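Engineer: got a predicted structure here, sequence first:
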Protein chains: 2
Amino acid sequence: MIDQQTMPPSAKLRPQLSPDLIVAAASNVLERDGIDGLTMRAVAAELKVQAPALYWHFPNKDALQVALFDHLMADLAFAIDGRDWREDIHLMCHQLRRHLLARRDSAQLLPHGFFVGPNMMEQAETILGILIQAGMTPKDAAYAMSTGVSYIITWVIGEADILQRRLTGHDGNDQLAHRLVATGRYPYFAQAIGAFELGGDIEGQFDFGLNCLIAGFEQLVPRR
Amino acid sequence: MIDQQTMPPSAKLRPQLSPDLIVAAASNVLERDGIDGLTMRAVAAELKVQAPALYWHFPNKDALQVALFDHLMADLAFAIDGRDWREDIHLMCHQLRRHLLARRDSAQLLPHGFFVGPNMMEQAETILGILIQAGMTPKDAAYAMSTGVSYIITWVIGEADILQRRLTGHDGNDQLAHRLVATGRYPYFAQAIGAFELGGDIEGQFDFGLNCLIAGFEQLVPRR
DNA sequence: ACCTGAACACCGTTCAAGT
DNA sequence: ACCTGAACACCGTTCAAGT
């Protein structure tokens, strides 16, 4: 006969809660219901537990979101060849963009901007290594990485929004811009308005900003 | 004797609600209580009105926030001399940063990234004019502007967070990074960690990213 | 046309109480 | 040590009803 005290029946059906289990459940909720559906109550329900139980393992929702972000970055393995640092950085940035886009609303997880957690640390080490080996000072490399990652995170948030507006056909912004341009008081904007349209070349625009940043990075690397 | 129907007594004490009045009230609430205090109920209370009244003039809170952002950008007058486009852009970006920092949490107002409203339109026209006159194609100028403004907005959100963490002394991020670096498994990060510290050169880091972008912009302008 | 009262369907978080 | 039950103090938004 099993001792009820040390081994209650529920223990076999549902293992004890842990930060890892909670993060895994939160990941499911985020993928299924998006950032608006990611509530403490929903994560708790996913684990068949009451919401306050989560507060034994995380001090607050922000901490859970940070841990979840770091978890989602764990399986990000950069495929680089180490020949040209410019190509490597370019490739890594595109990979990070795709990684974030593939995990619903992951870019909106960090409440206070870019943050290096335990898993993200590995990726950061790789990036910093490339930049420092290319000839940057450690400080420049740190700034470059944080500027680049911030760019990509912000971009992905905006891109996800554009993709959704395309689906829903909600182009209120475009309509307002066109009305204003029609007044004739904004000649330069009138020339450029095509670039702001919803049907624009979205990946090309990502590359535009990325190439601008990399061009700036190049100036920090000594010529040979 | 005044007709009660057309001129009720309350009309003299409190004029009719309007989008402009609501935006002005929202501006007060934001400055006083920050983005977390900016609720429909708080804006309504500022106007001595019930919250549902606002929904007659704005479809939802997002629309009010967008209108508020545009309002806060109305008195942004760029001081440029038109001699060197690089200097002008640099100056405008610093001015936009200061403008956003001076209006509490204004950078967090836009729910879906950068947006050009009626007031912001004037500023956009100025920026696009400089870039196009410098020799950029209208499309490149549009991409450059949107990349630059996004960079500044994201930066300011992060900078406000850093400034607050300095005040509250909340440097949990730093502690985690130091613990991980102490394992010795991240040699490159160990060299760069000083740049991530809270006491870093914050304006220098802003300039770093800005100069990278402008270096990229320069490649889009024909040499002479 | 424009606003109020009351309610709906939620939130994050706290805390005494259970086991 | 770890979780539940119940509650607190809010949210954005809807909608019938008033004027």
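Structural biologist: Structure received.
Engineer: close to chain B, is the longest helix seen in chain A?
Structural biologist: Secondary structure of chain A per DSSP state H: the longest helix is helix A:138-168. Yes: Helix A:138-168 reaches chain B (Cβ under 8 Å from any Cβ of the partner chain) through A:138-147, A:150-151, A:154-155, A:157-158, A:161. In this view, the C-beta of every residue, glycine as well, is placed from N, C-alpha and C.
Engineer: same check, this time on stretch A:169-177
Structural biologist: Yes: shown here: stretch A:169-177 in contact with chain B (Cβ under 8 Å from any Cβ) through A:Asn173, A:Leu176, A:Ala177.
Engineer: can you report how many residues lie near the nearest residue to A:Arg103 once chain neighbours are set aside?
Structural biologist: Setting aside the residues directly before and after it, A:Arg103 is nearest to A:Leu72 in space (Cβ to Cβ, 6 or more residues apart in numbering or on different chains), at 5.0 Å. Neighbours of A:Leu72 under the rule other Cβ atoms under 10 Å in any protein chain shown: 24.
Engineer: try A:Arg104
Structural biologist: By the measure other Cβ under 10 Å, the count of residues near A:Arg104 is 18.
Engineer: cool, A:Pro19 as well?
Structural biologist: Burial of A:Pro19 is recorded as 14 neighbouring residues (other Cβ under 10 Å).
Engineer: so A:Pro19 versus A:Asp174, what's the distance?
Structural biologist: With the distance defined as Cβ to Cβ, to the nearest Å, A:Pro19 ends up 44 Å from A:Asp174.
Engineer: grab the nearest non-local neighbour of A:Gln133.
Structural biologist: A:Trp85 (7.2 Å).
Engineer: just to revisit the earlier point, narrow the residues of stretch A:169-177 next to chain B to those in helices?
Structural biologist: Among those, the residues falling in helices (DSSP H) are A:Asn173, A:Leu176, A:Ala177.
Engineer: need those in JSON lines (columns: distance to A:Arg41 and neighbour count).
Structural biologist: Shown next, in JSON lines, are these (distance: Cβ to Cβ, whole Å; neighbours: other Cβ atoms under 10 Å in any protein chain shown):
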{"residue": "A:Asn173", "distance to A:Arg41": "33", "neighbour count": "17"}
{"residue": "A:Leu176", "distance to A:Arg41": "37", "neighbour count": "16"}
{"residue": "A:Ala177", "distance to A:Arg41": "40", "neighbour count": "23"}
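Engineer: what comes up buried for the helix or strand where A:Glu87 lies?
Structural biologist: Assessed by DSSP states H and E, A:Glu87 sits inside helix A:85-102. Neighbour counts over helix A:85-102 (16 or more other Cβ atoms under 10 Å in any protein chain shown) mark A:Trp85, A:Arg86, A:Asp88, A:Ile89, A:His90, A:Met92, A:Cys93, A:Gln95, A:Leu96, A:Arg97, A:His99, A:Leu100 as buried.
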